[in-house]
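# got a sequence here, can you build the structure:
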Amino acid sequence: MGSVINIMALVVFATSLFSRSVDPIVPQIALGLHIAPATAALLSTGFTLPYALIQPLIGAIADMLSKTLLIIVCMVVLGIASVASGFATNFETLMALRILAGCASGGVFPIALAVVADQVPIAERQVAIGRVLAAALTGNLLGATASGVIGDLLGWRGVFVTTGSICLLTLIIAVPALRGMNETAGRFDLSTLLPNYRAIFSNRLAKYCFGAVFVEAVFMYGVFPYMAVMLSREGETRASIAGLVIAGFAVGGITYTFVVSRLLSLLGEKRLMASGGMVIAFCLCVIALRAPWQVEFLNFMLLGFGFYMLHGCIHVYVTELAPQARGTAMSAHTAFFFLGQAIGPVIYGIGLDTIGLVPVLLFGAVMIVATGWICALRLRHATPH
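Residues are numbered from 1 along each chain as shown. This is a model prediction of the structure:
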């Protein structure tokens with residue numbers, strides 16, 4: 001079991017470098033390709049929307065065939081698309097490659113979680129998923145931080161080439177372990193697609209799980225692509241500082257993974273989810289104040305900690321929605337989550353141009369507090385563990 005978690009953590013780490021690597025270099029991309037910063041920020045949507053939309057197909061393929069083979073194929077495509085992005089000569093080409101990368105990335109993280117859930121008993125699953133989340137968060141942390149540094153040193157093109165190369169190198173290391181993993185492969189049978197989704201959505205908890213992660217993503221992740229733009233308008237033009245601020249989120253998330261067992265014993269899942277929603281809301285209010293970047297870094301640390309208090313618990317409930325179609329369930333969960341991430345930057349972009357940043361952030365804070373409390377009141381395990 002430990003070796004499965006370790007190899008999934010390695011794979012997730014390498015592919016998580018892509019998640020927030022573009023955010024710190026949005027102003028550089030805008031300048032280099034002669035486009036508006038708001039247009040460049042849509043590269044985040046170009047990655048996350050395909051990531052979300054591909055999930056129904058990806059999850060079904062994973063359950064029908066081999067989860068590990070799917071991960072290998074997706075990592076190959078992801079690495080190549082990222083390296084090629086470094087040589088894009090116009091925004092349209094870059095956006096097309098980001099769309100391809102988003103589709104491929106969608107076949108790694110949720111499927112890796114499904115593999116872990118297949119191998120780990122429910123009583124130990126919260127901690128096991130926490131370890132994989134820690135790897136993802138570390139990837140997010142280094143991706144955002146290194147992106148800013150590489151952007152300052154080599155330019156935005158160097159960011160894409162570096163992250164793509166790391167993905168391909170990691171794949172070379174991981175392939176022997178992935179191919180030797182003890183996995184029961186199925187067969188391609190489209191007749192199982194509708195029954196699997198019917199089993200998932202017939203579970204009354206599905207609407208709370210999927211709705212909650214959608215709201216989280218819209219109102220929390222939606223502001224991420226605009227942090228570098230906001231800092232730049234206030235005189236802080238260094239991409240490395242924007243990357244450091246955004247990386248604070250991952251630092252907080254990683255901190256959470258080290259104390260999750262203790263928090264569960266002290267608070268229990270219900271209080272953990274409600275508290276997480278309130279922490280996220282507080283942090284959104286702090287962003288609205290436009291504090292110095294040092295304060296923003298600490299605030300993003302707290303934001304990451306609060307987010308995983310709520311989100312980590314929801315992950316466990318998703319793995320129980322339909323055990324016979326766990327890959328499909330995790331992909332559906334990821335679809336709603338990344339659909340929210342795709343819509344969020346659009347909403348914040350409209351808000352910045354019309355009513356302003358503060359009203360959007362305050363409304364988002366209210367929505368996430370409500371989400372945390374609804375999850376705390378409605379989510380229940382089918383059997384105690």
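
# lowest-confidence helix or strand of this structure?
Sorting the helices and strands of the chain by mean pLDDT, DSSP states H and E puts helix 55-64 at the bottom, at a mean of 75.

# now do the same for the helix or strand following it: mean pLDDT, whole number.
Later in the chain than helix 55-64, the nearest helix or strand by DSSP states H and E is helix 67-85. When pLDDT is averaged over helix 67-85, the result is 91.

# C-alpha coordinates for helix 67-85, PDB please?
This file holds the C-alpha atoms of helix 67-85, laid out as PDB (Å, rounded to 0.1, in the frame of the first residue of the first chain):
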ATOM      1  CA  LYS A  67      -6.100   3.500 -14.600                       C
ATOM      2  CA  THR A  68      -2.300   3.300 -14.700                       C
ATOM      3  CA  LEU A  69      -2.000   3.100 -18.500                       C
ATOM      4  CA  LEU A  70      -4.300   6.100 -18.800                       C
ATOM      5  CA  ILE A  71      -2.000   8.100 -16.400                       C
ATOM      6  CA  ILE A  72       1.100   7.200 -18.600                       C
ATOM      7  CA  VAL A  73      -0.600   8.300 -21.800                       C
ATOM      8  CA  CYS A  74      -1.800  11.600 -20.300                       C
ATOM      9  CA  MET A  75       1.600  12.400 -18.900                       C
ATOM     10  CA  VAL A  76       3.200  12.000 -22.300                       C
ATOM     11  CA  VAL A  77       0.700  14.400 -23.900                       C
ATOM     12  CA  LEU A  78       0.900  16.800 -21.000                       C
ATOM     13  CA  GLY A  79       4.700  17.000 -21.100                       C
ATOM     14  CA  ILE A  80       4.900  17.500 -24.900                       C
ATOM     15  CA  ALA A  81       2.100  20.100 -25.000                       C
ATOM     16  CA  SER A  82       3.900  22.100 -22.300                       C
ATOM     17  CA  VAL A  83       7.300  22.100 -23.900                       C
ATOM     18  CA  ALA A  84       5.600  23.100 -27.200                       C
ATOM     19  CA  SER A  85       3.900  26.000 -25.400                       C
END
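
# and the next element down the chain from that helix?
helix 91-105.

# so for the strand or helix carrying residue 31, what's the average pLDDT?
Assigned by DSSP H and E, residue 31 belongs to helix 26-33. Helix 26-33 shows a mean pLDDT of 89.

# angle of that helix against helix 91-105?
Relative orientation of helix 26-33 and helix 91-105, computed by axes from the mean of the first three to the mean of the last three Cα atoms, to 10 degrees: 140 degrees.

# buried set for helix 26-33?
Of all the residues in helix 26-33, those buried under the rule 16 or more other Cβ atoms under 10 Å are 26, 27, 28, 29, 30, 32, 33. Just so you know, the C-beta spots here come from the backbone N, C-alpha and C atoms, and that holds for glycine as well.

# what is it packed up against?
With contacts taken as 3 or more Cβ pairs under 8 Å, 6 or more residues apart in numbering; DSSP states H and E, helix 26-33 sits against helix 37-53, helix 91-105, helix 156-179, helix 227-233.

# mind putting those in a markdown table, mean pLDDT included?
As requested, these are exported to a markdown table (pLDDT from 0 to 100):
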| stretch | mean pLDDT |
| --- | --- |
| helix 37-53 | 83 |
| helix 91-105 | 93 |
| helix 156-179 | 89 |
| helix 227-233 | 81 |
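
# thought residue 316 was touching residue 130?
No - between residue 316 and residue 130 there is no contact under Cβ atoms under 8 Å: 9.7 Å.

# what's near enough to touch residue 47?
Neighbouring residues of residue 47 by Cβ atoms under 8 Å, 6 or more residues apart in numbering: 18, 22, 98, 99, 101, 102, 105.

# how about residue 312?
Taking Cβ under 8 Å, 6+ apart, we find residue 312 in contact with 126, 129, 130, 133, 256, 260.

# burial measure for residue 53, as a count.
Counted by other Cβ atoms under 10 Å, the residues lying close to residue 53 total 18.

# is it true that it touches residue 339?
Yes - with contact defined as Cβ under 8 Å, residue 53 reaches residue 339; the gap is 7.5 Å.

# show me where the stretch 251-385 of the chain dips below the pLDDT cut-off.
Low-confidence segments of the stretch 251-385 of the chain, defined by pLDDT under 70: 382-385.

# quick one: closest of the helices and strands packed on helix 26-33 to residue 204.
helix 37-53 (23.0 Å; Cβ to Cβ).

# centre of the chain versus that closest one, how much separation?
Put simply, helix 37-53 sits 13 Å off its chain's centre (Cα atoms, centre = their mean, to the nearest Å).

# now it against helix 67-85, angle please.
Going by the same axes, to 10 degrees, helix 37-53 is angled at 160 degrees with respect to helix 67-85.

# pull out the buried positions in helix 37-53.
For helix 37-53, a neighbour-count test (16+ other Cβ under 10 Å) marks 37-38, 40-53 as buried.

# out of the residues you listed, which comes closest to residue 381?
Of the buried residues of helix 37-53, the one sitting nearest to residue 381 (Cβ to Cβ) turns out to be residue 52, at 26.8 Å.
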